[in-house]
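> structure for the following, please:
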Amino acid sequence: MQLLTFRTDGGTLPGCVADPASAEATLTEALRSGDAASAVFSVRPITLPGALNVGDLLRHHNWRELASARSGEPVEITGSDIAPVIPRPGKILCTGLNYADHITEMGHDLPDVPTLFAKFPDALTGPFDRVTVPTENAKALDFEGELAVVIGRHVPLGGAPDTGTAEDAIAGYAVFNDFTMRDLQYRTAQWLQGKNLVSASGFGPWLTTSDAFTPGEATLVTRVNDVEKQHADIRELVFDPVALVQFITTFIDLHPGDVIATGTSGGVGWARSPREMLTDGDTVTIEISGLGGISNRIVVC
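Below is the predicted model of the structure:
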């Protein structure tokens, strides 16, 4: 099942992709042509009182059954209508230094525990939206293609002591760009200021439920202006999604709709020689096999 949040004249609604295979084929072709925002997708709106997005849907313990039972007749939307799959997560927990090659290229040692930092909901944008960057913030822009994990049920503190419990807490997965302002990131020892540019982190295009996706079998590819920059097997994660859920719930609760970004692989612009920072007009496209892809164009003004 593929769930998304789409924009309407009056706000947003959750929906279920009517034909996942067709949608993935349409998206793949659109990403290759460079016009995913105009691609047309067939979606069944999910009509549930009080549910304006996928995050609202996940707050119901029987969200899978509701998504199937409350899906209406298909409507056509374009890529530009697709909002971040969870527009306002309660938490966005990002993982730094979680692929061995990226750890090496950034000059760090392999960690014993995950390195985590926060991203705020204001930093999210739709999977095919333009990313507008003020000139003063555009000195060292970087891409970070990542797998995102979306939580589907409440996990209290200490509530995921084993892999089975942690795995059961995952509703599904999506594609994520941990868009980074490197100069601000490294201005201090804390990364927060470099990771939270408003409306800059593409997230989507939809949530592929955990029963329809196996992370360890997927490949992540990031392209800038159609040139491949990152290529990684998800199985190379130092801490996989289940391990991250287990670790995080040793010190906080997780709630439906919370998001965990699992970290980026080697190949980021900052670590290249010479460095390759994003500039006005660049388009960052991130694809994960089985999840689709996102594509955001940078506009500096």
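> which secondary structure element of the chain has the lowest mean pLDDT?
helix 100-105 (a mean of 84; mean pLDDT, DSSP states H and E).
> next SSE downstream of that helix?
strand 115-118 (DSSP states H and E).
> what mean pLDDT does that following strand get?
In this model, strand 115-118 has an average pLDDT of 96.
> and if you look at stretch 198-214?
For stretch 198-214, the per-residue pLDDT averages 98.
> likewise stretch 266-277?
96.
> so what does the least confident helix or strand of the chain touch, helix or strand wise?
The criterion is 3 or more C-beta pairs under 8 Å, 6 or more residues apart in numbering; DSSP states H and E, and there are no helices or strands that helix 100-105 contacts. In this view, the C-beta of every residue, glycine as well, is placed from N, C-alpha and C.
> list of residues touching that helix?
97, 109-111, 232, 236, 238, 263-268, 271 (C-beta atoms under 8 Å, 6 or more residues apart in numbering).
> out of those residues, which end up buried?
97, 232, 236, 238, 263-268, 271 (16 or more other C-beta atoms under 10 Å).
> tell me which of these fall in strands.
Among the buried ones among the contacts of helix 100-105, the ones falling in strands (DSSP state E) are 232, 263-264.
> any idea which of those is closest to residue 149?
Distances from residue 149 to these, taken as C-beta to C-beta, are shortest for residue 263 (11.0 Å).
> touching, the closest one and residue 93? I think so.
No: contact criterion C-beta atoms under 8 Å: residue 263 and residue 93 do not qualify, at 10.9 Å.
> re the thing from before, list the buried residues in the least confident helix or strand of the chain.
102-103, 105.
> only C-alpha atoms, please: export it in PDB.
This file holds the C-alpha atoms of helix 100-105, laid out as PDB (Å, rounded to 0.1, in the frame of the first residue of the first chain):
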ATOM      1  CA  ALA A 100      30.700   3.500   6.600                       C
ATOM      2  CA  ASP A 101      31.800   5.200   3.400                       C
ATOM      3  CA  HIS A 102      30.200   8.500   4.500                       C
ATOM      4  CA  ILE A 103      31.800   8.200   7.900                       C
ATOM      5  CA  THR A 104      35.200   7.700   6.300                       C
ATOM      6  CA  GLU A 105      34.800  10.600   3.800                       C
END
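> number of nearby residues for residue 73?
A count of nearby residues for residue 73, using other C-beta atoms under 10 Å, gives 7.
> hmm, it is touching residue 42, no?
No: contact criterion C-beta under 8 Å: residue 73 and residue 42 do not qualify, at 10.1 Å.
> tell me which stretches of the stretch 101-250 of the chain form helices.
Applying DSSP state H, counting those that start in this stretch to the stretch 101-250 of the chain gives helices spanning 163-168, 182-185, 241-248.
> what residues are up against the closest residue to residue 249 other than its chain neighbours?
Once flanking residues are discounted, residue 249 sits nearest to residue 160: 4.5 Å by C-beta to C-beta, 6 or more residues apart in numbering. Residue 160 makes contact with 166, 169, 245-246, 249, according to C-beta under 8 Å, 6+ apart.
> which residue is nearest the centroid of this structure?
The centroid of the chain falls nearest to residue 176 when counting by C-alpha atoms, centre = their mean (2.5 Å).
> tell me the spacing between that residue and residue 226.
20 Å (C-beta to C-beta, to the nearest Å).
> what do you get for residue 76?
In terms of C-beta to C-beta, residue 76 sits 27 Å off from residue 226.
> same thing with residue 62?
43 Å.
> before we move on, back to that, now, of the helices of the stretch 101-250 of the chain, which is deepest in the fold?
helix 241-248 (a mean of 21; mean count of other C-beta atoms under 10 Å).
> residues contacting that helix, please?
So helix 241-248 is in contact with 93, 95, 113-114, 116, 147, 149, 151, 155, 160-163, 166-167, 169-170, 173, 215, 239, 254, 260, 262, going by C-beta under 8 Å, 6+ apart.
> let's see 10 Å
91, 93, 95, 98, 113-114, 116, 147-149, 151, 155, 157, 159-170, 173, 210, 215-216, 234, 237, 239-240, 254, 258, 260-263 (C-beta atoms under 10 Å, 6 or more residues apart in numbering).
> any idea what the residue nearest to the centre of the chain is bridged to?
residue 146, residue 203 (DSSP bridges).
> swap in residue 223?
Counting by DSSP bridges, the residues bridging with residue 223 are residue 228, residue 285.
> how many neighbouring residues does the residue nearest to residue 269 when sequence neighbours are not counted have?
Closest residue to residue 269 apart from its sequence neighbours, by C-beta to C-beta, 6+ apart: residue 276 at 4.0 Å. Neighbour count of residue 276, defined by other C-beta under 10 Å: 18.
> same check, this time on the one 3 residues further on
By the criterion of other C-beta under 10 Å, residue 279 has 12 neighbours.
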